[in-house]
Every structure is written in structure tokens, then in C-alpha cells.
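**Student:** with the sequence up front, the predicted model follows.
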Amino acid sequence: MQIVRTLSVALVAIGFAANSTRTGPILATAATSGHTIFIPGTGRIPLLGIQAPPAGRGAAGDPIGIAARERLNGLVAHRFVILEFPHGLRDGAIPRGAAYVFLEDGTFVNRLLVREGLARVSGARSAPRSAELREAEDAARREQRGLWGR
């Protein structure tokens, strides 16, 4: 199992953005919204470059926001993830800022949510991985997925 984890981490590192820093695999326990995960000992980590509609509580939430939270929770709850921070880590500590999130198999979670139409791209066009996220959003729009199929 350790060999599989090590190989997975190595494969994820291939897509490593310049000037950014990745954590090793760390346990995420839940999604608190369609664009935020919870890491024990660190707290909430927003997914960088994306914004999902508010999930709210009960029937008050946006249906796409609820679907985004459930999808994200299904991807990360009680699983190891790798966080990529575009400005690096200070003293090896995980910052509380937004991050790109990857599963151990290399799946880019931020992009996946946008591609499925569960979130839209937000933030500066010059941000790392912005072009990748915008391509995913364009595909979701063309296929009228999620937010774009209303």
C-alpha cells in the first residue's frame, strides 16, 4: 500500500506548478461547502480559483451548491489529499489560505468540480492553473452541465 501511495504522490508531482509548494498526503475529513474542505488541525481550506453556489441548510440551499458540497464530500471525506499553495509554505506549516486540491491518484479536484458544472472559475486570470480551470468551465458551458444547464 505504501508503494502505491508513493507512486501516486510522484505522479501528482508531475503536474506541479512553478513557484508553488505541495504538501504531502494529508487527511481531509469533510467538505464544508462546494468549494471548502476541512483539514483537522488546520481548519477550513477553500479551493483556490473556484466558487460554488451556497449550499445552505435544508431546502434553503441552491440545488447546484448542495450537489457541489455532496460531490466534494464524496471525493475528499476521510481521504488523503495533496494541497498545492501557489505562494509556498512558511516554516513547513500549512497556511489557512486557498489551495489547489489533488487526490492521491492525481485528480485535480478544483478542475473536476468546474468541469462538472458544480462551480465556476473565480479569481485572477494570471493565477496559476487559471487557464486549466477556464478550459474546464468552457467545456461545462458547451455541454450545458450543472450551472450552465439551468
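**Tutor:** Sure, I can see it.
**Student:** so who does Asn73 touch?
**Tutor:** For Asn73, the contacting residues are 30-31, by CB atoms under 8 Å, 6 or more residues apart in numbering. For glycine as for every other residue, the C-beta is placed from the backbone atoms N, C-alpha and C.
**Student:** and the helix or strand hosting it, how far out from the chain middle?
**Tutor:** Using DSSP states H and E, Asn73 maps to helix 63-76. Its chain's average C-alpha position is 11 Å from that of helix 63-76, according to CA atoms, centre = their mean, to the nearest Å.
**Student:** okay, and the residue nearest the centre of the chain sits in which element?
**Tutor:** The chain has Asn110 as the residue nearest its centroid, 3.4 Å off, counting by CA atoms, centre = their mean. Using DSSP H and E, Asn110 falls within helix 109-115.
**Student:** which other helices and strands contact whichever helix or strand comes after the helix holding Asn73?
**Tutor:** Going down the chain from helix 63-76, the next helix or strand is strand 79-85, by DSSP H and E. The elements that strand 79-85 packs onto, with contact taken as 3 or more CB pairs under 8 Å, 6 or more residues apart in numbering; DSSP states H and E, are helix 2-14, strand 21-22, strand 26-28, strand 100-103.
**Student:** now do the last one: which elements does it pack against?
**Tutor:** By that I understand strand 100-103. helix 63-76, strand 79-85, helix 109-115.
**Student:** got a list of contacts for that strand?
**Tutor:** Against strand 100-103 from outside (CB under 8 Å, 6+ apart): 12, 15, 17, 20, 22, 28, 37, 45, 47-49, 75-76, 79, 81-86, 108-110, 128-129.
**Student:** ditto for the third one
**Tutor:** Here strand 26-28 makes contact (CB under 8 Å, 6+ apart) with 37-40, 76-83, 94, 101.
**Student:** ok, now with 10 Å
**Tutor:** Defining contact as CB atoms under 10 Å, 6 or more residues apart in numbering, one finds that strand 26-28 is touched by 37-42, 45, 72-73, 75-83, 94, 101, 103, 109.
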